[in-house]
Each structure stands twice: as structure tokens, then as C-alpha cells.
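**Q** quick check, what structure comes out for this input:
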Amino acid sequence: MATLEELTDRIRRAAASDASLDKSIKLDLKGEGVIHIADGAVSNDDKPADLVVTVARRDLEALGKGELDPVRAMMTGRMKLSDMGLAMRLQPAIQALFQKARG
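**A** Here you go, the predicted structure:
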């Protein structure tokens, strides 16, 4: 399993080559840290964001690899979203970012 630093670096590299996210996102890794994405910048700073995704690090990796279905993760409580409407609108951009970050 990748460390928080490895995941952050993968997402940082993917975000640098993609400007399609027009809102900020915070991945809250349930006590293991956060990954904040805004305007192409990626950090582990716990800042406010337009969309907060709460998910365990192992589940984030599984989502990124396509091993965990996002709908199933939501329905089983493994992933929580602060704003479902915004998440639905950003879903294509988030999915593209995760595909680039698979590393």
C-alpha cells in the first residue's frame, strides 16, 4: 500500500498536467492525513475545500485502481462526500485525475 507521501506525489504529478478541475477538493484519509487539490496545486495542508471526500487510504487506492466501485463505496459507507451534486459534476475530472495518478 502506498504511503500518504507517495499518493500525494502521484496526484501532484497528475494534477500538474491537467487543468480540468475548477473546484478545490480535499481527500480526508480518516486520520491518516489529507490531500488538498486546488488550482493545480497539491498539498497535505488541511485547508477548506469545495468538495471533501472522506475515504480510507486503502479504499482511495482501490478506487484509483478501479478495484472499488465509487457507488458501492458510497452505499457501504466506505466513502463520504460533502456535496453529492458537486461530486457528480466533478466526477469525470476526478476520474481522469485518478487514472493519471495510478503510477
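
**Q** next, the spatially most central residue of the chain: secondary structure please.
**A** Centroid-nearest residue in the chain: L27, 4.9 Å away (criterion: C-alpha atoms, centre = their mean). Assigned by DSSP: H, G, I helix; E, B strand; the rest coil, the conformation of L27 is strand.

**Q** go on, the one 4 residues further on?
**A** The local conformation at G31, judged by three-state DSSP, is coil.

**Q** look up how far L21 lies from it.
**A** 25 Å (C-beta to C-beta, to the nearest Å). Where you see a C-beta, it was placed from the backbone N, CA and C, and this is true even at glycine.

**Q** and those two? Which one has more around it.
**A** The residue with more neighbours, out of G31 and L21, is L21; 19 against 8, by other C-beta atoms under 10 Å.

**Q** leaving out chain neighbours, which residue sits closest to the more buried one?
**A** Leaving aside its chain neighbours, L21 sits nearest to A93 (5.0 Å; criterion: C-beta to C-beta, 6 or more residues apart in numbering).

**Q** any low-confidence regions in this protein?
**A** The chain contains residues with pLDDT under 70 at 17-19, 103.

**Q** the helices in it, which residues?
**A** Per DSSP state H, the chain carries helices over the ranges 4-16, 57-65, 70-75, 84-100.

**Q** of these, which is nearest D46?
**A** helix 4-16 (12.4 Å; C-beta to C-beta).
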